[in-house]
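Chemist: structure of the sequence below:
(2 chains)
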There are 2 protein chains.
Amino acid sequence: VHWLRRQVGRPRGRLRVGIGDDAAVFEIGRGRQLALTADLSIEGVHFTRALHPARSVGHRALARSLSDIAAMGGIPRFAAVSLGIWRGTSRAWVEAFYAGLIALARRYEVELIGGDTAIVRGNTVVDVSVAGEVRPGRTLLRSGASPGDSLFVSGYLGLSALGLKLLKFRRGRLRESSIRKAIQAHLYPEPRCALGRFLAEKRIASALIDVSDGLSSDLSRICEASGVGARVRAHLLPFPNFSSRAVIRPTGPTRLASARSRANSALEFALHGGEDYELLFAVPARKVSDVPREFRGIGLRNIGEITRTREVLLIMPDGSETPLISAGYDHFRKNRK
Amino acid sequence: VHWLRRQVGRPRGRLRVGIGDDAAVFEIGRGRQLALTADLSIEGVHFTRALHPARSVGHRALARSLSDIAAMGGIPRFAAVSLGIWRGTSRAWVEAFYAGLIALARRYEVELIGGDTAIVRGNTVVDVSVAGEVRPGRTLLRSGASPGDSLFVSGYLGLSALGLKLLKFRRGRLRESSIRKAIQAHLYPEPRCALGRFLAEKRIASALIDVSDGLSSDLSRICEASGVGARVRAHLLPFPNFSSRAVIRPTGPTRLASARSRANSALEFALHGGEDYELLFAVPARKVSDVPREFRGIGLRNIGEITRTREVLLIMPDGSETPLISAGYDHFRKNRK
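Modeler: Coordinates of the predicted model:
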């Protein structure tokens, strides 16, 4: 990303936000700004045929991009879907894929406007581009956080990663309803479009990102873009309301236990589990009282604060501090969690 | 496409042109329209590592989408690039890929605004989305052709397919400069953005498409969308200025001679060769005199006319007529040419 940004140069002319935020923003006509994002969903990387029904693959592929627009404080309007389908794919799979995608698009009033299709020999690949509207002067970037700002996050962290683990091992020590909730969060995540728009319209947040790669990764992106650090308090993190120890004990064949499945505590899921598509945002001190405790049924939790020193620290319940190392999902790392 | 169009429904609200044209068009703000297109470039389908340098892969991936915007009469503005890279790809390849893409973007004043990247186990996949501006009321669709309109095409047809064949077999019976020209047309096609805009601004064309899949395929799309037929005169087709018989004789191993390489005459290349990215357009009789013989060095040739009967016919020099069967590149056909 850094290399590419250098090649492309700084945003200029009509381009307001270039490479390196959740979405790009450009001016189109007088006083109108458009946000554009594109997100890949690749079989074997973002989904597998064994664990993810086609309907979920379509849902998640669009949700990724909707979440990026939400993370700019924008309103998603149009989606283009490019689908490179593995040549052995059944028609039923393709129809269920589009059904999942179209159902989500309808709920968010996003128009599907085509895209491209091809048959491929390797794994199925989806790329979803979404164009959304943002109000000039209301765009929420990653780079606006200042020391002293409070850090908030919506919903639960780690629920999607827990759901994926439950899907893999098929058994856990959780109540049936909790298992369903986690699996649902993984297969059919809800992008927080209304919340992103609320934060932008009310000018509450100074910086905003969606938690797509895990709190540790996405928080470090806000800090890097803003030139700040952060302190996150472990006891304030919104875990799913399950027992926090030994959430799940693998019972399947151990060869299934990939590196990614090693996280076993709710804390690890919350810190590093990706694909929650919750919103993480910084709020200046004078605006903290404007943050509701919940927004349309989704809890908004203060989990720490922005600091001047550039470190990202995790404060444990006993008061000890440890650096919070970015360990979220990163496709360019050799060892994926 | 038909199935998907039914699922999605008719364009409504702000959406002016939905699935099934070169790009979708929607309204953004008062009196402003945006065209959006996304195009896949897949290793083994659209390019190979053996024949296409990385720089060409980047160039062609963007050219496909720029050409779609040109085919709406729009001005391309912003491009998002999603790249799923085969895990064994060298950094040099990735840099050359972006260099080719960025060089083309600069020449057309298109801003690169990010996208997504991932490492994949299978073939490399690129998806380029381009957003462009179109003037309301000036958008050129596939569906506007009427019986009696004249059919025009820009540049040469079949040059890119010839170039691909020359790349495969490394030898031919052509002069060196002709070989270079054909290979250049294949590796570095020029999208006809200025011409598309000219045809839209001057209200010359009634229907417009880019010749990305071959004349026979793309003409049948105009005819289907417009509910008309066409007559194409073989002797008017703009062949490259080479000998028209036995253009090239394979000298390489015959296993390289895929079905796609069977076309051997300039006529076959011109009718069915894809990836020329020339513009094919219909012009009402009263506007024909407004079509210049060439536009910025690119010839504009009248190759036939639109008819009421829904057939697409090829008129041979001896006056005989044969149905022009769509045989261009179609990823969903089992036997690719």
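Chemist: contacts only, for the residue most central in space within chain A.
Modeler: Of all residues in chain A, the one closest to the mean position by CA atoms, centre = their mean is A:Ser212, 2.2 Å from it. By CB atoms under 8 Å, 6 or more residues apart in numbering or on different chains, the residues touching A:Ser212 are A:64, A:67-68, A:218, A:274-277, A:329. All C-beta spots, glycine's among them, are computed from the backbone N, C-alpha and C.
Chemist: do A:Leu187 as well
Modeler: Per CB under 8 Å, 6+ apart, neighbours of A:Leu187: A:52-53, A:56, A:59-60, A:163, A:167.
Chemist: and A:His52, that's in a helix?
Modeler: No - using DSSP: H, G, I helix; E, B strand; the rest coil, the secondary structure at A:His52 is coil, not a helix.
Chemist: gap between it and chain B?
Modeler: With distances taken as CB to the nearest CB, to the nearest Å, A:His52 is found 16 Å from chain B.
Chemist: and what of A:Asp22?
Modeler: The value you get for A:Asp22 to chain B, if CB to the nearest CB is used, is 9 Å.
Chemist: how confident was the prediction at that residue?
Modeler: For A:Asp22, the pLDDT comes out at 76.
Chemist: quick revisit: need the max-distance pair from the contacts of A:Ser212.
Modeler: A:Asp68 and A:Tyr329 (15.0 Å; CB to CB).
Chemist: over to the closest residue to chain B within chain A. Which of the three states is it?
Modeler: Here chain A gets closest to chain B at one residue, A:Gly122, 2.2 Å apart by CB to the nearest CB. With three-state DSSP as the basis, A:Gly122 sits in coil.
Chemist: what parts of the stretch 51-200 of chain A come near chain B?
Modeler: Residues of the stretch 51-200 of chain A found near chain B (CB under 8 Å from any CB of the partner chain) are A:77-78, A:80-82, A:84, A:95, A:98-99, A:102, A:111-123, A:125, A:127, A:129, A:131, A:133.
Chemist: wait, what's in contact with A:Leu237?
Modeler: A:Leu237 makes contact with A:153, A:157, A:215, A:267, A:270-271, A:301, A:303, according to CB under 8 Å, 6+ apart.
Chemist: and the least confident of those residues?
Modeler: Out of these, that is A:Leu267, at 87.
Chemist: what is the neighbour count of it?
Modeler: Look at A:Leu267: counted by other CB atoms under 10 Å in any protein chain shown, it has 20 neighbours.
Chemist: can you show me the helices along the stretch 151-300 of chain A?
Modeler: A:159-169, A:176-187, A:193-201, A:215-226, A:266-272 (DSSP state H, counting those that start in this stretch).
Chemist: so which of these comes closest to A:Ile325?
Modeler: That would be helix A:215-226 among the helices of the stretch 151-300 of chain A, by CB to CB, at 6.6 Å.
Chemist: which other helices and strands does the closest one contact?
Modeler: On a contact count with 3 or more CB pairs under 8 Å, 6 or more residues apart in numbering or on different chains; DSSP states H and E, helix A:215-226 meets strand A:207-211, strand A:229-233, helix A:266-272, strand A:278-283, strand A:312-315.
Chemist: deepest in the core, which of the ones you listed is it.
Modeler: strand A:278-283 (a mean of 28; mean count of other CB atoms under 10 Å in any protein chain shown).
Chemist: that one pairs with which strands?
Modeler: Using DSSP bridges, the strands paired with strand A:278-283 in its sheet are strand A:150-154 (antiparallel), strand A:207-211 (antiparallel).
Chemist: quick one: that strand to strand A:229-233, angle?
Modeler: Using axes from the mean of the first three to the mean of the last three CA atoms, to 10 degrees, one finds that strand A:278-283 and strand A:229-233 are set 120 degrees apart in direction.
Chemist: in chain A, which strand is the longest?
Modeler: As assigned by DSSP state E, the longest strand anywhere in chain A is strand A:75-86.
Chemist: okay, A:Asp68 and A:Tyr329: which has more neighbours?
Modeler: Higher neighbour count among A:Asp68 and A:Tyr329: A:Asp68, with 30 against 19, using other CB under 10 Å.
Chemist: which strands or helices does the host helix or strand of the more buried one pack on?
Modeler: Here A:Asp68, judged by DSSP states H and E, is contained in helix A:54-70. The contact analysis (3+ CB pairs under 8 Å, 6+ apart) places helix A:54-70 against strand A:33-42, strand A:75-86, helix A:91-107, strand A:125-134, helix A:176-187, helix A:193-201, strand A:207-211.
Chemist: and these as JSON lines, adding mean pLDDT and distance to B:Ile42?
Modeler: Converted to JSON lines, the helices and strands packed on helix A:54-70 look like this (pLDDT from 0 to 100; distance: least, CB to CB, whole Å):
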{"stretch": "strand A:33-42", "mean pLDDT": "91", "distance to B:Ile42": "12"}
{"stretch": "strand A:75-86", "mean pLDDT": "93", "distance to B:Ile42": "5"}
{"stretch": "helix A:91-107", "mean pLDDT": "96", "distance to B:Ile42": "17"}
{"stretch": "strand A:125-134", "mean pLDDT": "93", "distance to B:Ile42": "8"}
{"stretch": "helix A:176-187", "mean pLDDT": "89", "distance to B:Ile42": "27"}
{"stretch": "helix A:193-201", "mean pLDDT": "96", "distance to B:Ile42": "31"}
{"stretch": "strand A:207-211", "mean pLDDT": "96", "distance to B:Ile42": "28"}
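Chemist: most tightly packed of the ones you listed?
Modeler: Comparing these by mean count of other CB under 10 Å gives strand A:125-134 as most buried, with a mean of 29.
Chemist: tell me what that strand is packed against?
Modeler: Packing partners of strand A:125-134 (3+ CB pairs under 8 Å, 6+ apart): strand A:33-42, helix A:54-70, strand A:75-86, strand B:33-42, strand B:75-86, strand B:125-134.
Chemist: and those as a markdown table, adding distance to A:Arg310?
Modeler: Shown next, in a markdown table, are the helices and strands packed on strand A:125-134 (distance: least, CB to CB, whole Å):
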| stretch | distance to A:Arg310 |
| --- | --- |
| strand A:33-42 | 27 |
| helix A:54-70 | 25 |
| strand A:75-86 | 33 |
| strand B:33-42 | 38 |
| strand B:75-86 | 30 |
| strand B:125-134 | 34 |
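Chemist: looking at the ones you listed, spot the one closest to A:Leu208.
Modeler: Among the helices and strands packed on strand A:125-134, helix A:54-70 comes nearest to A:Leu208, with 8.6 Å by CB to CB.
Chemist: angle of that closest one against strand A:75-86?
Modeler: Angle of helix A:54-70 versus strand A:75-86, following the same axes, to 10 degrees, is 140 degrees.
Chemist: and helix A:54-70, how far out from the chain middle?
Modeler: Remark: helix A:54-70 is offset 10 Å from the chain centroid, using CA atoms, centre = their mean, to the nearest Å.
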